[in-house]
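In: Build the 3D model from these lines:
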Amino acid sequence: MNESLLKALMRLFAIIVDEQKMGFETAARDVVEVWLQKQFSNEWTEKYLQDFAKYMKDSHCDENGEICFINKHPQVEHVCQKLLAEVEQEQKVWIMLQLLEFIGETEYAGHEELDLVKTVSKTFNIPKSEFELSRQFMVGDELSIPFNEHLLLIDNNSDWNHEVVKHIYSSKLRGRIFILHLESTNTFLMKYLGEYNLFLNGHNVKVNRAYMLSYGSVIRSPRIDPIYYSQIASIFIEKKNLSDLQFVAKNIEFKFPGSNNGIHPVSLEMNSGQLVGVMGGSGTGKSTLLNVLNGNLTLRQGNIYINGYDLHLDKEKLQGVIGYVPQDDLLVEELTVYENLYFNAKLCFDDTPDEKIEEIIDNTIEDFDLVEARDLKVGDPINKVLSGGQRKRLNIALELMREPSVLFVDEPTSGLSSMDSEKVMLLLKRQVLKGKLVICNIHQPSSDIFKLLDKLVMMDQGGKVIYFGNPIDAVVYFKTQSHYVKADESECLTCGNVNSEQILRIIEARMMNEYGKQIRKRKRSSDDWYELYKENIEKNNKVQKPKRKKLIPKNYFSIPKRWDQLKIYLLRDIKSKLSNKQYLLITLLEAPLLAVILGYFTKYISGTDSDQMIYVFSKNENLPSFIFMAVVVALFLGLIISAEELLHDRRMIKREQFLNLSRFSYLNSKVIVLLVISAVQTFLFVILANSILEIKGLTWVYWLILYTSSACANLIGLNLSAGLNSVVAVYVSIPFILVPQLLFSGVIVNFNKLHPAITSKKYVPAVGDLMTSRWAYEALVVEQFKDNEFEKLFFPYEKAMSEASFRSSFLIPEMKENYKAWLRTNNDKNYRIFKNELLKLSDIYLFPYDFELSKQALRDSSEKINIWLEHVKQAGWKEFNEESNLRDKAYDEVIDELGDPKKILELKNTYHNEAIEQIALNRREINKLISYKDELIQLKDPVFKTPASKNGRAHLFASQKRVGDYLIDTFWFNLSIIWLTTILFYFALYFDVLRRFLLLVEILWVTILPEGHFRIRRKRQK
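Out: As a prediction, the model looks like this:
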């Protein structure tokens, strides 16, 4: 108790005594002494009695000690004014009630004294009606207590009825218990008029004396059934609510997939106006029970009903009725308290005007004591901005601002100080007093918190419920079952505290060995406690399935349409990223810095004859390496910015799914924001890097390919973030994504030199086709070669020249050699190669009409065949010369247009790169063709070679891809393939494919693990 509050009370006592007749001081002192002895030790009682005597003297003596009579009301107002800003309204009401009790005890309740108390109530802004009700209740007798809607009567008259006065029937009670409810502070006053002894929280109740009921109070007697605080409070709560709420769990059971762990069969019934606590040791299934009751986990058997509606079958009708606050934070850490509440309100109140939303937020901030923190960033648990209590209250506020009728709170006091824990629990109690049902699991609550509970669920190992009922009675129950002495004492008779830890100590009490030391075996196992519960509690409190459906409490929860949700999610995500200055700085600077590093260190200075320090683009041998590293950087940046994105929000996603908010809208908001970030990053990278390396004319091409690669990596990262359970797992997985992209890109290891099991000499192997890096690198190299400002003038002619040259210089001679070898050795392989290549040539040059491809015909027509092959060879050289002439003509036209032959060399040096040319034309390969699977495969000039496959497959660096009868430019084809891959990853993300796959693996692992464990153990025993 605050000392200033107590001193003020002593001063007010003294003023009232002074208002009474002189000579009454001794009797008044005795009353004060009795009151103080109930609160304090003898030492403190004596101290405050001295203060009382001093204040009494000061109240009716002047400065010289002479007795004088003055108006006492200003003195009273002066004392009360000092307390206005210091004490809460509940304490002010308490002071008023203590003064009324004091007047009643002195048995001198004159008008003057009561007027002084009235002045106190007026100064403290206590409603006038409540003062009158309190005065009549505290000072009056049974006949003077007026019947009104604020009064509750408890007696044994089963036929008693009154239009406004509430009633509780107690069959064995002799006499009457009156309960007065002061609505402004939710205070309950009790007065007993009867024959038998009653006990309030273990203390004897005096007849016709008023008592204040605290949270968790119990009125007991050996002759009557206990009367609980929650029972009394619920009577007044029900009056306020047009539709109360009944929550019934009928024979529910839950098991985790592939395991026997879960919740054992249990039936529970709870009602609105109750704060239900779930207690138990670590690992007993408290959180699991909460998730079963709120519908997050699917039942193995049984049903859960809310006002007769099945929780799983009638989800749409129960939308918005249930709220859930998990143990972990659900906050957007980069946003302020206000912004967190704002976006939550926008997602929960569709079509609500902004003015109304502002009003809801302001009221929530005030109700949850977050006024000072309104504009503070939430921060993360390491870089704290809000205190633990503020974070917890904000978490609860996010859920309670939409007014759910049933609220589940997981570990609301976890990690909080005792003061913050009490604040949070009082906050939840206030929701109960509004007629809601609140179910929370708590660990080792203090006595004050324990008394706030209206119902208690005790759990034991293996997910077994071993007690359900009044929390105060739980102490008696477990002490009785364990044969404790004085088992009926539920709390300390001196201080009134309840030792909640005693319950856990009784449950988990262990046996002793012969040396007096505890062993692991418990005195009573969880199965034993579970059987006792079914026999003593569940059997005597049968839970029935609701016979009919009742009106569901009204709620204003209404989710926006998908498009509106997307806009809200987008705005929230953008705001959170913009407010994170460090993230913003790194994100915007990372790509430019990497561009500078790559550009600077790959800018090979070849020089010229006139100046050795001049940079010549065409002579930069590092350009292929730069292109490859640019692709790797794009993939890396895309992965890094997305790898934690969903993992960071996983708890929030779970809550928003619980609210039936659109996963589609949420994921799309993330995808859109990441795609925009990647677009900016790759744009900055390309602008800087291309400027440093003087890559001209292909900025759009570079950006589009790198951006597409980064976008694909975004979706890969989002899949990792959605499927894996920790940041460590995500970042450990990234090398498994990037290393294959490096290895199977066609750069680090030549595709033709991979392991024979996966390689293909004709096409890029399938494993390469799966790599984004392959498609991106190939597209950039091909575009850099054929579409630069110089080469694109001559590419069509050089392509035709290359094809004709290859046929005449390499293909025809090699076919002749195979033909001769077959005729000489009769080797079938030579025959098959020759025949296949002959068929390919027939698509270009017509066979003579009498040509046959049978073995005998080919043997008999050797001269004719050789003549035809020579004809094809000469035709090829003719085509080569024609295309060469056309190229020379185009060359001359360019010279004429530029006006100087030297300028075409400058054009080539500016746009055409020799290192890229070497790669695109495969100049480093000695063999120009090879034999592979009965075919002759061209290795020369891959960029000029037209693919034969009609399904899009091709060799590396093909300038075109064939789909059916159409040839598609490699740039657009590869770009389409990467976007198609990105779309596939998008659908994998939407349908949570990776998480489902990993869950299936875990289930299979758990299923086979016991057998594997048994085998290992058996082997060790041998």
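
In: Secondary structure element holding the residue positioned nearest the centre of the chain?
Out: Centroid-nearest residue in the chain: Arg651, 1.7 Å away (criterion: Cα atoms, centre = their mean). Under the criterion of DSSP states H and E, Arg651 resides in helix 650-658.

In: I'd like to know which elements that helix is packed against.
Out: Under the contact criterion of 3 or more Cβ pairs under 8 Å, 6 or more residues apart in numbering; DSSP states H and E, helix 650-658 touches strand 322-325, helix 663-693. The C-beta positions use only the backbone N, C-alpha and C, and glycine is treated the same way.

In: Could you dump the ones you listed into TSV and include mean neighbour count, mean pLDDT and distance to Asn294?
Out: Shown next, in TSV, are those (neighbours: other Cβ atoms under 10 Å; pLDDT from 0 to 100; distance: least, Cβ to Cβ, whole Å):
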stretch	mean neighbour count	mean pLDDT	distance to Asn294
strand 322-325	25	90	5
helix 663-693	20	96	19
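
In: returning to what we had before: settle this for me: the residue nearest to the centre of the chain is touching Gln327, isn't it.
Out: No - Arg651 is not in contact with Gln327 according to Cβ atoms under 8 Å; the separation is 9.1 Å.

In: Show me which residues of the helix or strand hosting Ile916 are buried.
Out: Using DSSP H and E, Ile916 maps to helix 914-920. Of all the residues in helix 914-920, those buried under the rule 16 or more other Cβ atoms under 10 Å are Glu914, Ala915, Ile916, Ile919, Ala920.

In: And for stretch 979-995?
Out: Neighbour counts over stretch 979-995 (16+ other Cβ under 10 Å) mark Thr981, Thr982, Phe985, Tyr986, Ala988, Leu989, Asp992, Val993, Leu994 as buried.

In: Check those and tell me the two furthest apart.
Out: Pairwise distances across the buried residues of stretch 979-995 (Cβ to Cβ) peak at 18.4 Å, for the pair Thr981 and Asp992.

In: how about low-confidence regions in the stretch 351-500 of the chain?
Out: 381-382, 490-496 (pLDDT under 70).

In: coming back round to it: JSON lines for the helices and strands packed on helix 650-658, including distance to Asn750?
Out: As requested, the helices and strands packed on helix 650-658 are exported to JSON lines (distance: least, Cβ to Cβ, whole Å):
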{"stretch": "strand 322-325", "distance to Asn750": "56"}
{"stretch": "helix 663-693", "distance to Asn750": "25"}
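
In: for the ones you listed, which one sits closest to Arg655?
Out: strand 322-325 (6.6 Å).

In: which strands and helices sit next to that closest one?
Out: helix 388-400, strand 406-410, helix 650-658.

In: That strand pairs with which strands, and in what direction?
Out: Strand pairing for strand 322-325, determined by DSSP bridges: strand 406-410 (parallel).

In: what helix or strand is the residue nearest to Phe557 when sequence neighbours are not counted on?
Out: Distances taken as Cβ to Cβ, 6 or more residues apart in numbering put Gly320 closest to Phe557, at 2.9 Å, once the chain neighbours are dropped. Assigned by DSSP H and E, Gly320 belongs to neither a helix nor a strand.

In: swap in Glu531?
Out: Short version, using DSSP H and E: Glu531 is in helix 526-533.

In: circling back to that earlier point, where does the residue nearest to the centre of the chain land on pLDDT?
Out: According to the prediction, Arg651 has pLDDT 80.

In: could you give the mean pLDDT of the helix holding Ile916?
Out: So the average pLDDT for helix 914-920 ends up being 95.

In: what comes into contact with it?
Out: Contacts to helix 914-920, defined as Cβ atoms under 8 Å, 6 or more residues apart in numbering, come from residues 618-624, 781-782, 784-786, 923-924, 942-943, 957.

In: Stretch 785-796 too?
Out: Residues outside stretch 785-796 that contact it (Cβ under 8 Å, 6+ apart) are 696-698, 701, 887, 890-891, 894, 904, 907-908, 910-913, 916-917, 920, 943, 959, 971.

In: then it to PDB, C-alphas only?
Out: Extracted C-alpha coordinates of stretch 785-796, given in PDB (Å, rounded to 0.1, in the frame of the first residue of the first chain):
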ATOM      1  CA  PHE A 785      28.300 -11.400 -80.200                       C
ATOM      2  CA  LYS A 786      25.500 -11.200 -82.800                       C
ATOM      3  CA  ASP A 787      23.600  -8.000 -81.900                       C
ATOM      4  CA  ASN A 788      26.400  -5.500 -81.200                       C
ATOM      5  CA  GLU A 789      26.400  -2.500 -83.500                       C
ATOM      6  CA  PHE A 790      29.200  -4.000 -85.700                       C
ATOM      7  CA  GLU A 791      28.400  -7.800 -85.900                       C
ATOM      8  CA  LYS A 792      24.700  -7.400 -86.500                       C
ATOM      9  CA  LEU A 793      25.500  -5.800 -89.900                       C
ATOM     10  CA  PHE A 794      27.200  -9.000 -91.100                       C
ATOM     11  CA  PHE A 795      25.800 -11.800 -88.900                       C
ATOM     12  CA  PRO A 796      23.200 -13.300 -91.500                       C
END
